[in-house]
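Novice: Sequence first, then the predicted structure:
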Amino acid sequence: MNNTERNVEDRKAPSCSFESKQKEPFSVRLKSLLAGRSINKAAKDWGVNVSTLKNYFSRQSSTPRHEVLLKISRCEGVSVDWLLYGDSIKPNEESVIKVQDAVCQEGELSESVLKLASMLDLLDKKEIEALFKVLVLKGVETALYLLDDDNIKLLKLDRVIKDKLLGKHYPEDDEQAALNDAKARECGFDNEGEEASVNLTDRRKQAV
């Protein structure tokens, strides 16, 4: 082999090495996240089916579903890109443990977070901002409403009294009607439902 051919081979070598590194199977990164755990334990921690997890190890060509990637990503504190391609830096062991304690300590919490993430994933940036604005405004509106002592008292009223104030009418027999009227009189309301309903509306407006 002459010098020219050797130089060509030398230039090719790093390229081949880089290419093989990029094609490292998903199972290799998955194994690094086990951190001494059994596959069964990891599957439980991540909320993933055991057979699904075992399949990723036995079949190197298996492509994980997005839902599975999200679960593992959130529990282990790694990105989906790193799980798929190894493109981002894997966090150190300490950070992984912190994420596990905060998110995956309770399986139900992890599942709830995943459902919320899946819902938000369906929205674009503007829709997410609009949703956030509505939630904040409604939260502030409710908080202001609860600052009014009269509103608190109204919330604590018996359901029958509330229905009378709001002008709601339900089918009832004579005995039930008499009982409901008695409850209303005990609270100081009789046939003044319409006036009380107006007062309730006014108080709501004042609170807002």
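Specialist: The structure has been received and is ready for your questions.

Novice: how close does residue 29 get to residue 72?
Specialist: Using CB to CB, to the nearest Å, one obtains 10 Å as the distance from residue 29 to residue 72. Using the backbone N, CA and C atoms, a C-beta is placed for each residue, glycine as well.

Novice: Now for those two: what residues contact both?
Specialist: Taking CB atoms under 8 Å, 6 or more residues apart in numbering as the criterion, residue 29 and residue 72 both touch residue 83.

Novice: between these two, who's got more neighbours?
Specialist: It is residue 72, of residue 29 and residue 72, that has more neighbours when counted by other CB atoms under 10 Å, with 22 against 17.

Novice: Please report how far that one lies from residue 33.
Specialist: Going from residue 72 to residue 33 by CB to CB gives 7 Å.

Novice: now do residue 24
Specialist: According to CB to CB, residue 24 and residue 33 sit 14 Å apart.

Novice: Show me which of those two is the more surrounded one.
Specialist: Using other CB under 10 Å, the more surrounded residue of residue 24 and residue 33 is residue 33, with 19 against 11.

Novice: what helix or strand does that one sit in?
Specialist: Under the criterion of DSSP states H and E, residue 33 resides in helix 26-34.

Novice: And the helix or strand that that helix is followed by, what's buried?
Specialist: Going down the chain from helix 26-34, the next helix or strand is helix 39-46, by DSSP H and E. Of the residues in helix 39-46, those buried by neighbour count under the rule 16 or more other CB atoms under 10 Å are 39, 42, 43, 45, 46.

Novice: If I look at residue 29, what pLDDT would I see?
Specialist: Predicted confidence (pLDDT) at residue 29: the value is 87.

Novice: Isn't residue 57 up against residue 30?
Specialist: Yes - with contacts defined as CB atoms under 8 Å, residue 57 counts as touching residue 30 at a distance of 7.2 Å.

Novice: domain ranges for the protein?
Specialist: Under automatic domain parsing, the residue ranges defining each domain of the chain are 3-121, 127-207.

Novice: close enough to count as contact, residue 34 and residue 43?
Specialist: No - look at residue 34 against residue 43 with CB under 8 Å: they stay out of range, at 10.3 Å.

Novice: picking that back up, closest to residue 119 out of the buried residues of helix 39-46?
Specialist: Minimum separation from residue 119 among those (CB to CB) is found for residue 46, which lies at 19.9 Å.

Novice: Please tell me how far that closest one sits from residue 116.
Specialist: Taken as CB to CB, the spacing of residue 46 relative to residue 116 amounts to 17 Å.
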